[in-house]
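Chemist: Need the 3D shape of this:
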Amino acid sequence: MKKNEESGNIFSDQIKSLADGLFYISETDAEIVPFEGVAAEAVTTDEILRQTGRPAETPVEERNFEEIFSRFIKIQDWFGEEETETARKFLELKTFLEQNLRDLKVFKIGRIQLKVYFVGLDSENNLKGIQTEAVET
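Modeler: Coordinates of the predicted model:
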């Protein structure tokens, strides 16, 4: 197995473990899974469209990584044990992404039924991160 494939498998396995039991909450709850892209010069709208096989005219909204993640990791006064544990798990996932990727961004692709990518570049300049889905009407 090539070094890149091996590191990709380790990354994916760690994401799967960290995201186990977590869901991206919108008007639907969606599973969070690894995203494994290929080499990229930068984390851009054009690059995410290219690597996900979508036409250049596809609607894309770029969002701030910290801002989007903050709603999942903030512990509220009214949280019970389950909500607190979920926030803690999201914080672990966020920390893992920050420690392993740089230039992290969030891209929401499409309209109403969206594909959502939290991505950055790894040490070998491959686009990686997590992906999920959202419904926003």
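
Chemist: any idea where the helices of this protein begin and end?
Modeler: 3-19, 45-51, 65-73, 81-100 (DSSP state H).

Chemist: out of the ones you listed, nearest to T132?
Modeler: Closest of the helices of the chain to T132 is helix 3-19, at 8.9 Å (criterion: CB to CB). Heads up, the C-betas are built off the backbone N, CA and C, glycines and all.

Chemist: still on that earlier bit, go through the helices of the chain and pick out the most buried.
Modeler: Among the helices of the chain, helix 45-51 has the highest mean neighbour count (mean count of other CB atoms under 10 Å), at a mean of 17.

Chemist: Name the surrounding residues that touch that helix.
Modeler: Contact with helix 45-51 is made by 37-38, 40-41, 55-56, 58, 60, 62, 107, 109, 117, 119, 127, as judged by CB atoms under 8 Å, 6 or more residues apart in numbering.

Chemist: Columns distance to E47, pLDDT and neighbour count on top of those, output as TSV?
Modeler: Putting these into TSV (distance: CB to CB, whole Å; pLDDT from 0 to 100; neighbours: other CB atoms under 10 Å) gives the following:
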residue	distance to E47	pLDDT	neighbour count
G37	8	96	21
V38	10	96	12
A40	5	97	20
E41	8	96	8
P55	14	95	6
A56	11	93	9
T58	13	96	15
V60	11	97	20
E62	11	97	12
F107	9	98	23
I109	12	98	18
Y117	11	98	22
V119	9	98	26
L127	6	98	25
